[in-house]
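Trainee: Fold the following, please.
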Amino acid sequence: MLRGLAGFNKAWFRSDIPAGLSIAAVGLPSAIAYPAIAGLPPETGIYASIVAPVAYAIFGPSRLLIVGPDAATMTVLAAAMGTIIAAAPAGGDVDRVAVASALALGVGICCLAAKLLRLGVLASFLSRPILVGFFAGVSLSILIGQIGRFTGVKIESDGLVSPLVEIFAKSSLIHWPSLILGTAMFALLWTVRGFNLKIPGPVLVVVISVILSALFDFRGRGIAVVGDLPSGLPSFSLPAFYQMPLDKLMIGSVTIFLVSFGAGIVTARSFGSRTGEEVDANQELIGLGAANIAPGLFGSFPISASDSRTAINLSTGGVSQLAGLVSAATLVAALVFLHGALRILPIPALAAILVAAAISLIDIRELKKIWRISRMEFVFALIAMWGAISFGVLNGVIVAVGATFVYLLRQTMFPRDGLLGRIEGRHGFFDLQRYPEARPVPGAAVFAVQGSILFYNADYVRIRLMSVAKELPADTKCLVLDASAITQIDSTGATALEAVAELLVKRNIIFAFADLSDESRAILERAGIIKTVGAENIFNGREEALRTLIGDIDQIGNAAPASTAP
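Mentor: Below you'll find the model as predicted:
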């Protein structure tokens, strides 16, 4: 606990107080805007921005990471809430805030359960290319979702194309003052970004739009505004789980957990690489778990690590989690003293902030980089993007995770292998295909497999080994399997090796293993393979195997005749 405040020094106030005020200034607009993605009232975002940083400051391991509402997480939350609400009895009054709070608690519990099981590795299941593609798809979903807020037209259809068709059909209903205001605020955001002004764009949009709303009575002119906000602090409440479908609640919590934790760890590692701070995914599970449970207990929604708030913290010189606590205190003051101004904040201005945030999720530079590095990974990024667009965000997560597993299987289904030989005058063994000047060791064959031999690639390895075994010259005495790069063998892999051993026995060729790991040897012993090939044919290395089986092998590949038969 309190690792983010360890070694506290009064001098930190000079750095952390300005950093905290800056975090609050940048975070307030998004805190009000993001809940709209999930159909939640604006105050829930402020509540999350207050209690989540406090919880993370107490339980989180990082000094500099700032947590809070996140656009991608909100989009997945909206999809999960939609599934739960759709399962409610017809005509029933569903409390959306209670559903969001229940999901926040579920995400927090998932984090803590993953910590107990040491499943921090789950963060790696959503690879960087998959996340980049998925977030691009999510961003398009957010963009489409802002059509109604920009135009003042109620959009009833879902998906990517249907809302566009609907707004064209309802073009006569467009409220042009709302559209002009939203477009102007969006242009202001990009102007601030283009000129690299010191004042954050969202802050400027909120201030200017509130002033204009007060001067020109936007609400009276038909422009939607935020409306009444509670002026007090969030109160403790426990959502009524018994009124919700627990199966869908669990599925939604796990889905949000995968996305928020995966994206959060990417953010943590990205900023950790800049500051030299080590990121332990298992320890982050505790901090993010507490930071999700707290909003769940105070009428809010799931959160994640915030890249924009963390960036502000670093750029303004924050040195500890005191900055997060100052940010939370500032938002409390805003909720108490500025609720009158925030209530006239126009909705089109918030839509402009959401659109800018959505566009920032489309990382064109990273997509180009992935294309340049690996065309296959680029294809999987597109699959993840297509899944989020075509199947909805919730199913898109499943597509993204599925694409990750397919990619992993594709990478390991066909392990690199090959026959090895010697090059005259050089040390070591060389792949005969890669090095034309390499020559096989007379009387022996050395075959290397780089990767595990498991149920999904065992047949491929068996076919490759048997193909090599059938083509060996008649004077071959042994086939040595270089197992130095084989990390795992399962029962299916053992059966495949047994088939190779039986073929070699029929040809009177010794089947030997070099540099077999203890774990793999134990599997082969229990499968009876060691007994089949003979314990005397298990060697510590290739040179030892060849010296024993065919005679002395010097360091540059010259073989002397064997003095004794093996």
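Trainee: Distance of Arg439 relative to Leu420?
Mentor: Distance from Arg439 to Leu420, counting by Cβ to Cβ, to the nearest Å: 11 Å. For every residue, glycine as well, the C-beta is placed using N, CA and C.
Trainee: Could you check which of these two has the larger neighbour count?
Mentor: Between Arg439 and Leu420, counting by other Cβ atoms under 10 Å, Leu420 is the more crowded of the two (20 against 14).
Trainee: pLDDT score assigned to that one?
Mentor: Per-residue confidence (pLDDT) for Leu420: 95.
Trainee: now Ile486
Mentor: 94.
Trainee: shouldn't Ala388 be in contact with Val138?
Mentor: Yes - if you go by Cβ atoms under 8 Å, Ala388 and Val138 touch, sitting 5.4 Å apart.
Trainee: Now do the shared contacts for these two.
Mentor: Gly396 (Cβ atoms under 8 Å, 6 or more residues apart in numbering).
Trainee: Ala72 and Ala263 touch, don't they?
Mentor: Yes - counting by Cβ under 8 Å, Ala263 is a contact partner of Ala72 at 6.0 Å.
Trainee: on that earlier part again, what sits in contact with each of Arg439 and Leu420?
Mentor: When contacts are counted by Cβ under 8 Å, 6+ apart, Arg439 and Leu420 have Leu432 as shared neighbours.
Trainee: Show me where the stretch 201-350 of the chain has its helices.
Mentor: 201-216, 246-275, 281-297, 307-315, 322-337, 339-342, 347-361 (DSSP state H, counting those that start in this stretch).
Trainee: Can you tell me the SS state at Leu479?
Mentor: strand (DSSP: H, G, I helix; E, B strand; the rest coil).
Trainee: okay, now it: neighbour count?
Mentor: If you count neighbours by other Cβ under 10 Å, Leu479 ends up with 24.
Trainee: Quick one: residues contacting Ile509.
Mentor: 469, 472, 476-479.
Trainee: Got a quick PyMOL command for the buried subset of those?
Mentor: Buried residues within the contacts of Ile509, by 16 or more other Cβ atoms under 10 Å, are selected in PyMOL with:
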select buried, resi 469+472+476+477+478+479
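Trainee: Just flag the most distant two among the contacts of Ile509.
Mentor: Greatest spatial distance among these (Cβ to Cβ): Ala469 and Lys477, at 13.0 Å.
Trainee: returning to that earlier point: looking at Ala72 and Ala263, which is more packed in?
Mentor: Ala72 (26 against 23).
Trainee: Spatially nearest residue to Leu181, not counting backbone neighbours?
Mentor: In space, and not counting its chain neighbours, Leu181 is closest to Pro348: 4.6 Å by Cβ to Cβ, 6 or more residues apart in numbering.
Trainee: What of Glu544?
Mentor: Going by Cβ to Cβ, 6+ apart, Glu544 has Ala514 as its nearest residue, at 7.3 Å.
Trainee: Could you check the pLDDT of that neighbour?
Mentor: Here, the pLDDT recorded for Ala514 equals 96.
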